[in-house]
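**Student:** Generate coordinates for the sequence data below:
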Amino acid sequence: MSKIVIVGGGWAGCAAAITAKKAGGDVHLYERTDLLLGLGNVGGIMRNNGRFTAAEETILLGNDELFTITDATSRHRNIEFPGHRHASLYDVTIIEPKVRKLLLNLGIHLYLQHRIVDVIKDGSKIIKVKTFDGETIEGDVFIETTGSTGPMGNCTKYGNGCAMCVLRCPSFGPRVSLSQKAGVNDILGQRADGSYGAFSGSCKLNKNSLSEELRTILNEKGVAIIPVPKNQVNHEKLKMKVCQQYALNEYAENIILLDTGHAKLMAPFYPLEKLRSIKGFENAKFEDPYSGGIGNSIRYLSIAPRNNTMKVASLQNLLCAGEKSGLFVGHTEAIVTGSLAGHNSVRVALGMPLLELPINLASGDLIAYANERILTESGLQERFTFAGGDYFKRMKKNNLYITEIETLKIKINRLNLLNIYNERLK
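**Tutor:** Predicted coordinates:
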């Protein structure tokens, strides 16, 4: 049985672990913090716009477990907020233990608080990775899903300093790029002005710190839209957001809150004194990042060049997924790329041809299109998500935005890909 070593326990790493296990791998997942899911512990938005299509594609391809959990833990389903339809909001306060239990029940080996800091190669092949305390871990194939945020110096250099986000670099140590350690030059995303990185797109407020009226609206409807005073409207701030699907005028002219267990504030940060001057927010308190009044985490500073099977360029046995694999935004995007990387890791180990999702599926088109665009200067300033922005326009133009599940099933069956992630490879 081939040993598959996954570094990074966010949504991408968890998805990769599941498909690698289903394909017959002996799967070992290493995460530097004490929690799985990473940004999934503060995210919560699923199935909005084209993410519905991508979720159903992945389920039909054979990796349904993570979507089953997010659906089951959703506080609100089929809601609308500016620019977004049929969204589900899972409860970020209860999601992680359920995913952890799932992986353990599948027989996946989990190693929390294990920070991988280096690689040992033989030519173009990785044979071992090294932990912070000097342990070496052998593997047949490696998958890097370490994300693109951190270390702390990046948040200081390209942002407003470490805002102490859920990734907790000061406590658990900074993220290390394994692709860079293996001699591959990582790609850095840019903002519209050419500077590197981008602010995370939202903050979390303690819901109990809001007025009773706002709490009631959130609990009942899932979304609250509160006009901001005219002297606080700033359309320029939309340019700093990593999540361009939310860079709409409504997000500058209103405070938009979503109920994910916390109150998800759809802004990269918001000065606390200004926030508390608005009715209902007099006692507002940030939950993530703790310094959400002045800053947020900086992302897209470590992207590995790869092909459309998720294999990293010039290395025989390293794959990548999630933000490590492109300028992707969102949990669904991480699960889509992670699912493909996990399945293909076993194919690499067995010497089989690698699976490339066809571009007449939204999942395959996103992977291929982002890979094409990242090679251009303007593409480095773009972000790719099923949920909005230019890519969602592309989905609709190319007839890839499909909400009829039976139509998707017929399509995937014709491609001979139905339940392919459930197949044990030999």
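
**Student:** quick one, strands of the stretch 1-150 of the chain?
**Tutor:** For the stretch 1-150 of the chain, applying DSSP state E, counting those that start in this stretch gives strands covering 3-7, 26-31, 45-46, 74-81, 84-90, 109-112, 116-122, 125-131, 136-138, 141-144.

**Student:** Can you tell me which of those is most buried?
**Tutor:** strand 141-144 (a mean of 32; mean count of other CB atoms under 10 Å). (C-beta placed from N, C-alpha, C; glycine too.)

**Student:** Check the burial of residue 100 by counting its neighbours.
**Tutor:** The number of residues packed near residue 100 is 18, by other CB atoms under 10 Å.

**Student:** export the strands of the stretch 1-150 of the chain to a markdown table and tack on distance to residue 103 and mean pLDDT?
**Tutor:** What follows is the strands of the stretch 1-150 of the chain, written out as a markdown table (distance: least, CB to CB, whole Å; pLDDT from 0 to 100):
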| stretch | distance to residue 103 | mean pLDDT |
| --- | --- | --- |
| strand 3-7 | 10 | 98 |
| strand 26-31 | 7 | 98 |
| strand 45-46 | 19 | 98 |
| strand 74-81 | 20 | 97 |
| strand 84-90 | 17 | 97 |
| strand 109-112 | 6 | 98 |
| strand 116-122 | 18 | 98 |
| strand 125-131 | 19 | 98 |
| strand 136-138 | 18 | 98 |
| strand 141-144 | 14 | 98 |
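
**Student:** need these in JSON lines with distance to residue 204, can you?
**Tutor:** As requested, the strands of the stretch 1-150 of the chain are exported to JSON lines (distance: least, CB to CB, whole Å):
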{"stretch": "strand 3-7", "distance to residue 204": "26"}
{"stretch": "strand 26-31", "distance to residue 204": "21"}
{"stretch": "strand 45-46", "distance to residue 204": "12"}
{"stretch": "strand 74-81", "distance to residue 204": "14"}
{"stretch": "strand 84-90", "distance to residue 204": "12"}
{"stretch": "strand 109-112", "distance to residue 204": "22"}
{"stretch": "strand 116-122", "distance to residue 204": "28"}
{"stretch": "strand 125-131", "distance to residue 204": "31"}
{"stretch": "strand 136-138", "distance to residue 204": "34"}
{"stretch": "strand 141-144", "distance to residue 204": "27"}
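
**Student:** Figure out which of the ones you listed is closest to residue 151.
**Tutor:** strand 116-122 (11.3 Å; CB to CB).

**Student:** And that closest one, what does it pack against?
**Tutor:** Contact partners of strand 116-122 among helices and strands, from 3 or more CB pairs under 8 Å, 6 or more residues apart in numbering; DSSP states H and E: strand 125-131, helix 178-181.

**Student:** Export the ones you listed to a markdown table and append columns for distance to residue 392.
**Tutor:** As requested, the helices and strands packed on strand 116-122 are exported to a markdown table (distance: least, CB to CB, whole Å):
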| stretch | distance to residue 392 |
| --- | --- |
| strand 125-131 | 36 |
| helix 178-181 | 29 |
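
**Student:** These: which one's closest to residue 226?
**Tutor:** That would be helix 178-181 among the helices and strands packed on strand 116-122, by CB to CB, at 42.7 Å.

**Student:** Could you pull out the buried residues of that closest one?
**Tutor:** Neighbour counts using 16 or more other CB atoms under 10 Å place 178-179, 181 of helix 178-181 among the buried residues.

**Student:** Give me the contacts around it.
**Tutor:** 7, 116-119, 126, 129, 142, 144, 146, 186, 302, 304, 312, 315, 318, 320, 324 (CB atoms under 8 Å, 6 or more residues apart in numbering).

**Student:** now the buried residues of helix 178-181 as CSV including pLDDT?
**Tutor:** Below are the buried residues of helix 178-181 laid out as CSV (pLDDT from 0 to 100):
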residue, pLDDT
178, 97
179, 97
181, 97
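
**Student:** ok now do residue 160, which residues does it touch?
**Tutor:** By CB under 8 Å, 6+ apart, the neighbours of residue 160 are 269, 294-296.

**Student:** nope, residue 70 is what I meant
**Tutor:** 46, 88, 90, 95, 331.

**Student:** Please report the distance of it from residue 212.
**Tutor:** 29 Å (CB to CB, to the nearest Å).

**Student:** sorry, back to before: looking at the helices and strands packed on strand 116-122, which is closest to residue 369?
**Tutor:** Among the helices and strands packed on strand 116-122, helix 178-181 sits nearest to residue 369 (CB to CB), with 21.2 Å.

**Student:** Can I get the closest one in CSV? Just the C-alpha atoms.
**Tutor:** Extracted C-alpha coordinates of helix 178-181, given in CSV (Å, rounded to 0.1, in the frame of the first residue of the first chain):
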residue,chain,number,x,y,z
LEU,A,178,7.5,22.7,0.8
SER,A,179,7.6,23.4,-2.9
GLN,A,180,10.0,26.3,-2.3
LYS,A,181,12.1,24.0,-0.1
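
**Student:** returning to that earlier point: quick one: which of the helices and strands packed on strand 116-122 is nearest residue 351?
**Tutor:** strand 125-131 (13.0 Å).

**Student:** Which strands border that closest one, and is each parallel or antiparallel?
**Tutor:** strand 116-122 (antiparallel), strand 136-138 (antiparallel) (DSSP bridges).

**Student:** Now tell me what touches the longest one from outside.
**Tutor:** It refers to strand 116-122. In contact with strand 116-122 (CB under 8 Å, 6+ apart) are residues 7, 30, 32, 126-132, 136-137, 142, 176, 178, 181-183.
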